[in-house]
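Chemist: only the shape, not the letters, is given here:
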């Protein structure tokens, strides 16, 4: 799994698996060299068969906001083929691109023998439906269907029909355009606010995402965003501490910010207050 | 688990557990003496801690159609208390009683320290919603919620709201009355048809359920209802072979019949054709 990890996937995987290897994310996606080294090592130790799949959120990663470059997508596929490992490609945000060029999915590049593609209606129609999409080799999808049936007798037919009728009647891409434009504007407002309020904090950095819903803000070393959250709450600032995106609840100096719900003026005010939070906590701890 | 087992529960449990002990069902519910003997035996062998819970469908069991008597409910609770084992009471059909007196739930009799009660809107509102109900001790329900969240981020809020609004606006018990009356009539039609068509087959027997959706029909020894299903399909008769309600796909001379969907005349015609199926298969196999 990429690190920071998408916590929903981690929770789901934990129901079946006990051990996870995390691969750092870089600005252009998963550190594929690290991945290859890690797999080489597992192979040398005779543990390569324990690797069930490589899980990745290639577009506008949750929470990291980064997107995997085309070059890295190709490298990732090469590495997966070298060790015959399945790639689980989770792409809930791919359709929410504000800028830059659409990149082909791993599924499109490598096909169903190498990649299982997951998607959802949660970010492009409505989150309350809870209808997911799986695209892959027939035998794998069949197994997933059986597991889903065993778990809950499958997703509600009402919800599946709502999603199906929507796709029949509307052009989803057209319908999404105003939403994407709205998110893009809000993202720009938050990035501008971060530049105005955090540029002078040495060691603070953030990712400017090309799409999706999240900005990943990292504070200088020594900051513990979980501990800092107490101060944030007092100032009515809510973020998700980076600790939530670790496998072992490790301390983190990062946090996930979301720009999709609040109106623009609240984003501006929120980032300003977040700066106050950081200053208060940083001074108390002698960090800035 | 009671035998025959409810297959949906068996599938769900199989995702976590590998070993099941089945307790035979009698006309008045689980054979509690058998249960006690089995638990005594496990206790003697130092295996009692492996027993995670006792799963029961006390009302109008699926597929067996039987209902646990009040006396047995009390005995079951005693036995569970003796070995400090949790009871998982699954009651999807309890509100669909046609005749006889309503019996108190195990949960009502023993309380949340001993029993977790499961229910669903599937049989009393609409099956497509897939909204379940859990009633139990706060810490157990909390754990179930966390597991559900890990599995699928919880049931769709849309569906939960539909169910909640329905309960707010309507008297569920009143709304159910016409449905119960409809099912009762259809059940009576099927029981009468079984008496007319199967009374002369020695060894054939069936349960006359006081509620719910199913009749469990058992044919004389030697019948394999899975094998017989091929002949049934030719005559456009569909039942669920008893094999589906075993843990190990064991052969079965029983089958589950459902009377809820077809109109009365089709029930009459269906049972008549089922008799033909049984005769054809029975003669071919030298069983009748």
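Modeler: Ah, there it is. The model shown is predicted, which means the values in this text are computed figures rather than measured ones.

Chemist: and stretch A:121-135, which residues are buried?
Modeler: By 16 or more other Cβ atoms under 10 Å in any protein chain shown, the buried positions in stretch A:121-135 come out as A:121-126, A:128-132, A:135. To be clear about C-beta, it is placed using only N, CA and C from the backbone, and glycine gets the same treatment.

Chemist: save these as a markdown table, and put in distance to residue A:207 too.
Modeler: Output for those, formatted as a markdown table (distance: Cβ to Cβ, whole Å):
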| residue | distance to residue A:207 |
| --- | --- |
| A:121 | 26 |
| A:122 | 22 |
| A:123 | 18 |
| A:124 | 22 |
| A:125 | 26 |
| A:126 | 27 |
| A:128 | 28 |
| A:129 | 29 |
| A:130 | 28 |
| A:131 | 29 |
| A:132 | 26 |
| A:135 | 27 |
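
Chemist: let's see which of those end up in strands.
Modeler: A:132, A:135 (DSSP state E).

Chemist: so which two of the buried residues of stretch A:121-135 are the farthest from each other?
Modeler: Farthest pair in those (Cβ to Cβ) is A:128 and A:135. Separation: 22.8 Å.

Chemist: and of the buried residues of stretch A:121-135, the nearest to residue A:90?
Modeler: Closest to residue A:90, out of all of these and judged by Cβ to Cβ, is residue A:132, at 9.9 Å.

Chemist: now the lengthiest helix in chain A: how far from the chain's centre is it?
Modeler: Ordering each helix of chain A by length in residues (DSSP state H) puts helix A:172-198 first. Distance of helix A:172-198 from its chain centroid, counting by Cα atoms, centre = their mean, to the nearest Å, is 17 Å.

Chemist: tell me the helix or strand right after that helix.
Modeler: Remark: after helix A:172-198, the chain's next helix or strand is strand A:205-206, criterion DSSP states H and E.

Chemist: next to chain B, which bits of the stretch 1-150 of chain A? Give me the list.
Modeler: A:8, A:11-12, A:14-15, A:126, A:128-130, A:147, A:149-150 (Cβ under 8 Å from any Cβ of the partner chain).

Chemist: just these: which are in helices?
Modeler: Those of these lying in helices (DSSP H): A:8, A:11-12, A:14, A:147, A:149-150.

Chemist: in a markdown table: the residues you listed, plus distance to residue B:262 and neighbour count.
Modeler: Formatted as a markdown table, those follow (distance: Cβ to Cβ, whole Å; neighbours: other Cβ atoms under 10 Å in any protein chain shown):
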| residue | distance to residue B:262 | neighbour count |
| --- | --- | --- |
| A:8 | 43 | 15 |
| A:11 | 43 | 16 |
| A:12 | 40 | 16 |
| A:14 | 45 | 12 |
| A:147 | 32 | 13 |
| A:149 | 25 | 13 |
| A:150 | 28 | 17 |
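
Chemist: could you dump those to TSV with pLDDT?
Modeler: Listed next are those as TSV, based on pLDDT from 0 to 100:
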residue	pLDDT
A:8	93
A:11	92
A:12	92
A:14	91
A:147	92
A:149	92
A:150	90
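
Chemist: mind listing the strands for chain A?
Modeler: A:2-3, A:23-26, A:29-30, A:53-56, A:86-90, A:115-120, A:132-135, A:205-206, A:214-218, A:240-241, A:254-258.

Chemist: any idea which of those is most buried?
Modeler: strand A:29-30 (a mean of 27; mean count of other Cβ atoms under 10 Å in any protein chain shown).

Chemist: show me how far it is from its chain's centre.
Modeler: 11 Å.

Chemist: hmm, back to that, out of the strands of chain A, nearest to residue B:115?
Modeler: Going by Cβ to Cβ, the one of these nearest residue B:115 is strand A:132-135, 33.4 Å.

Chemist: okay, residue A:164: pLDDT?
Modeler: Listed pLDDT for residue A:164 reads 96.

Chemist: just give me the neighbour total for it.
Modeler: 12 (other Cβ atoms under 10 Å in any protein chain shown).

Chemist: and if you look at residue A:242?
Modeler: 24.

Chemist: now do residue A:270
Modeler: Residues near residue A:270, counting by other Cβ under 10 Å: 20.

Chemist: tell me how far it lies from chain B.
Modeler: Distance, residue A:270 to chain B, by Cβ to the nearest Cβ, to the nearest Å: 25 Å.

Chemist: and what of residue A:123?
Modeler: 13 Å.

Chemist: cool, and residue A:21?
Modeler: Applying Cβ to the nearest Cβ to residue A:21 and chain B gives a distance of 20 Å.

Chemist: my guess is that residue contacts residue A:41. True?
Modeler: No. Contact criterion Cβ atoms under 8 Å: residue A:21 and residue A:41 do not qualify, at 9.7 Å.

Chemist: higher neighbour count, the two?
Modeler: residue A:21 (16 against 12).

Chemist: burial of the closest residue to that one other than its chain neighbours, as a residue count?
Modeler: Excluding its sequence neighbours, the residue lying closest to residue A:21 (Cβ to Cβ, 6 or more residues apart in numbering or on different chains) is residue A:38, at 5.8 Å. The tally of other residues near residue A:38 (other Cβ under 10 Å) stands at 16.

Chemist: for residue A:77, same thing?
Modeler: Based on other Cβ under 10 Å, the number of other residues close to residue A:77 is 19.

Chemist: got a list of what it touches?
Modeler: Counting by Cβ atoms under 8 Å, 6 or more residues apart in numbering or on different chains, residue A:77 touches A:87, A:106, A:109-110, A:114-115.

Chemist: circling back to that earlier point, quick one: the residue nearest to residue A:21 from residue A:181, how far?
Modeler: 40 Å (Cβ to Cβ, to the nearest Å).

Chemist: just to revisit the earlier point, now, among the ones in helices among the residues of the stretch 1-150 of chain A next to chain B, which is nearest to residue A:174?
Modeler: residue A:8 (28.7 Å).
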